[in-house]
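**Student:** sequence plus the predicted model coming up.
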Amino acid sequence: MLFSEAIRGVALTAQVGPDVEVVRVDYDSRRVAPAGIFLAMRGEAVDGNRFISAAVERGASAVVTDDSDVFGTLQVTNPSLALGLCGHGRHALAGIAANLLGHPERRLKICGVTGTNGKTTTAFLLEAMLQAAGRKTALVGTIAYHLNGKVLPASHTTPESSDLVALFKEAAEGGATEAIMEVSSHALAQGRVWGIAYDVAIFTNLTRDHLDFHGDMAAYFEAKQQLFLHGGTGVGAPRIAIVNVDDAAGRQLREAMQNSATQVVMYGWSDADFSARDVELSATGTNFTMVTPVGKIAIETHLAGRVNVWNILGAAAAAVARGVSLDQIAAGVRGLASVPGRFEQVACGQPFAVVVDYAHTDDALRNLTRMARELVAPQHGRVITLFGCGGDRDRAKRPLMAKAAAENSDFVVLTSDNPRSEDPAAILRDAEAGLASAAKYAVIEDRAAAIREAIAQARAGDIVLLAGKGHEKTQTTREGVHPFDDVVVAQGVLQGLTAEAPIICN
């Protein structure tokens, strides 16, 4: 493809140089190949313009930059390059990648899920519902990318636009007609989903998170809103918006969309288009009657807790918007055994429950411990909660997380999560300030030792919550990234407790 064809429809403020043949676009100079376009843009931590020389050495025949000074210099020093100047690097990257790959996103009906909590489970549920209806799907999310039967590791909840379009191309060529995406606030604010037309968009909730990036809750909500309001992705608003009206921000979003052409469908516990009746909760699952505009149906799920009622309602509303029947929805929910790291039970024959969960905000911890309290109450069991706070993130939420963990717990273990570049002890001090209301607690920096202590505290009928890392298989510290899996560590501890009678953990 010629450079002029690759940049067709892309908002460039200037273009010079020969109309060279190009085959791909990259934002990482290490991935550039001959006849490639290097998209040099300023990021949050690194300026990609610093690596133009490296990209040219690797064979780049064209450069698109967001720096006018660099653009001017390249005209003089590299006259054989095709050059473009853009106002927004990620918008240009999205348009060029889509042109080069033949716009595969247009061959898919795309559903986006955004919100602070519940994105992953809602996406997995929607995938299961669509598959129960015989649809071939792709899923892009926090845990993994699902493509044509393959499970690929996820680099980001929402990848860069060129990587996203490449995933869509592979999915479409494999016969997929539907795609489900978790859409992060970072991706929306940065323009990583620019050019993606969403057929359906789901809003789960909004609670404090990522303020180290957004600054305040207003900016955080504004980023989330971009998925729903015209112009947020550059190609118009979604056809249908699915909004949780039990959440204050969801109600605010509904009001903001009053004059939108988008159809708004509401879900909630009772007063909504999709609601729940006769809810029965247990440690092994949930049963309820789902009431919808197209009828009602009994829902049986292996997923436990009130939060999963909301997740099912949101996914079901999106599935109906995509033409899935209620019977197919119920079958999809029934067939989803679990979601990795989301209230994932570690069962090794012990007389108490051990659960691994991704809860890493104060609201998510509050919901998790409240759910655990409901589950152990009939047996008069105790709730033992282990949690930590991530480094290089919003410090102000640390004591809030601690307070939330203590509210419904009988014993709290404060430990490390992913301290990243920070001193783990300093993170623990920040969080411990919120544990004043805890009846009993321990502070243990080493996460493996902390898991051993949490499990050692448990007796028959209790529930041990290992919160924060969920599906993650590594821990990031100052020294680097190391293998660490809460499930594996918990299994090792439990097997040690039952060493005299070896059993298999599930």
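**Tutor:** Good, I have the coordinates.
**Student:** next, the distance between the ends of stretch 290-304.
**Tutor:** End-to-end span of stretch 290-304 (CA to CA, to the nearest Å): 16 Å.
**Student:** hmm, who's touching it?
**Tutor:** 121, 273-277, 281-289, 308, 311-313, 316-317, 320, 326-327, 329-330, 333-334, 336-339, 342-343, 371, 375 (CB atoms under 8 Å, 6 or more residues apart in numbering). C-beta: built from backbone N, CA, C; applies to glycine.
**Student:** can you tell me how far Ala197 is from His103?
**Tutor:** 10 Å (CB to CB, to the nearest Å).
**Student:** list the contacts of Ile180.
**Tutor:** Ile110, Cys111, Val113, Ala123, Leu126, Glu127, Leu130, Thr137, Ala138, Leu139, Val140, Gly141.
**Student:** redo those residues as CSV? Include secondary structure and pLDDT.
**Tutor:** Below are the contacts of Ile180 laid out as CSV (DSSP: H, G, I helix; E, B strand; the rest coil; pLDDT from 0 to 100):
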residue, secondary structure, pLDDT
Ile110, strand, 97
Cys111, strand, 98
Val113, strand, 97
Ala123, helix, 97
Leu126, helix, 98
Glu127, helix, 98
Leu130, helix, 98
Thr137, strand, 97
Ala138, strand, 97
Leu139, strand, 97
Val140, strand, 96
Gly141, coil, 92
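**Student:** I'd say Ala128 and Ile329 touch.
**Tutor:** No - with contacts counted by CB atoms under 8 Å, Ala128 stays clear of Ile329, the gap being 9.1 Å.
**Student:** the two: which has the busier surroundings?
**Tutor:** For Ala128 versus Ile329, the count of surrounding residues by other CB atoms under 10 Å is larger for Ile329: 28 against 23.
**Student:** who touches the more buried one in this structure?
**Tutor:** Counting by CB under 8 Å, 6+ apart, Ile329 has contacts Met129, Ala132, Met290, Ile297, Ala316, Ala319, Val320.
**Student:** can you read off the pLDDT for the fifth one?
**Tutor:** Per-residue confidence at Ala316 stands at 98 (pLDDT).
**Student:** that one and Phe274 touch, don't they?
**Tutor:** Yes - at 6.0 Å, Ala316 counts as touching Phe274 under the criterion of CB under 8 Å.
**Student:** hey, what's in contact with both of those two?
**Tutor:** Tyr267, Met290, Thr292.
**Student:** for Gln475, name its beta-bridge partners.
**Tutor:** Beta-bridge partners for Gln475, by DSSP bridges, are His482.
**Student:** for it, grab the count of nearby residues.
**Tutor:** 21.
**Student:** same check, this time on Thr284
**Tutor:** Thr284 has 10 nearby residues by other CB under 10 Å.
**Student:** ok, now His302?
**Tutor:** By other CB under 10 Å, 17 other residues sit near His302.
**Student:** report the separation between it and Gly232.
**Tutor:** For His302, the distance to Gly232 - CB to CB - is 35 Å.
**Student:** which SSE is immediately downstream of the helix or strand of the chain with the lowest mean pLDDT?
**Tutor:** Least confident helix or strand, the chain: helix 211-214 with a mean of 74, by mean pLDDT, DSSP states H and E. Note on helix 211-214: by DSSP states H and E, the next helix or strand toward the C-terminus is helix 217-225.
**Student:** which element follows that following helix toward the C-terminus?
**Tutor:** strand 240-244.
**Student:** send me that following strand as CSV with only the CA atoms.
**Tutor:** Output of strand 240-244 as CSV, limited to C-alpha atoms (Å, rounded to 0.1, in the frame of the first residue of the first chain):
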residue,chain,number,x,y,z
ILE,A,240,-27.5,1.0,22.5
ALA,A,241,-26.2,1.9,26.0
ILE,A,242,-26.6,-0.5,28.9
VAL,A,243,-26.5,1.4,32.2
ASN,A,244,-26.5,0.3,35.8
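**Student:** in the next helix or strand after that strand, what's buried?
**Tutor:** Next along the chain after strand 240-244, taking DSSP H and E as the criterion, comes helix 248-256. Buried residues in helix 248-256, counting neighbours by 16 or more other CB atoms under 10 Å, are found at Ala249, Gly250, Leu253, Arg254.
**Student:** so what's Val481 closest to, chain neighbours aside?
**Tutor:** In this structure, Val481 finds its nearest non-sequential neighbour in Thr474, 5.0 Å apart by CB to CB, 6 or more residues apart in numbering.
**Student:** what's the answer for Ala276, then?
**Tutor:** Counting by CB to CB, 6+ apart, Ala276 lies nearest to Phe288, which is 4.6 Å off, once chain neighbours are set aside.
**Student:** what's the spacing between the one you found and Arg306?
**Tutor:** On the measure of CB to CB, Phe288 and Arg306 end up 10 Å apart.
**Student:** how is this protein carved up into domains?
**Tutor:** 3-100, 104-335, 344-497 (automatic domain parsing).
**Student:** start to end distance for the second one?
**Tutor:** Just to be clear, that refers to domain 104-335. Counting by CA to CA, the terminal residues of domain 104-335 are separated by 30 Å.
**Student:** now that domain, how far from the centre of its chain.
**Tutor:** Remark: domain 104-335 is offset 11 Å from the chain centroid, using CA atoms, centre = their mean, to the nearest Å.
**Student:** rewinding a little: ok, Ala316 and Phe274, which is more surrounded?
**Tutor:** Ala316 (27 against 24).
**Student:** tell me the secondary structure for the more buried one?
**Tutor:** helix (DSSP: H, G, I helix; E, B strand; the rest coil).
**Student:** what residues are up against Ala55?
**Tutor:** Per CB under 8 Å, 6+ apart, neighbours of Ala55: Asp26, Ser29, Val32, Gly36, Phe38, Ala40, Val63.
**Student:** where exactly do the helices run in the stretch 251-400 of the chain?
**Tutor:** Here the stretch 251-400 of the chain has its helices, by DSSP state H, counting those that start in this stretch, at 306-321, 326-335, 362-376, 397-407.
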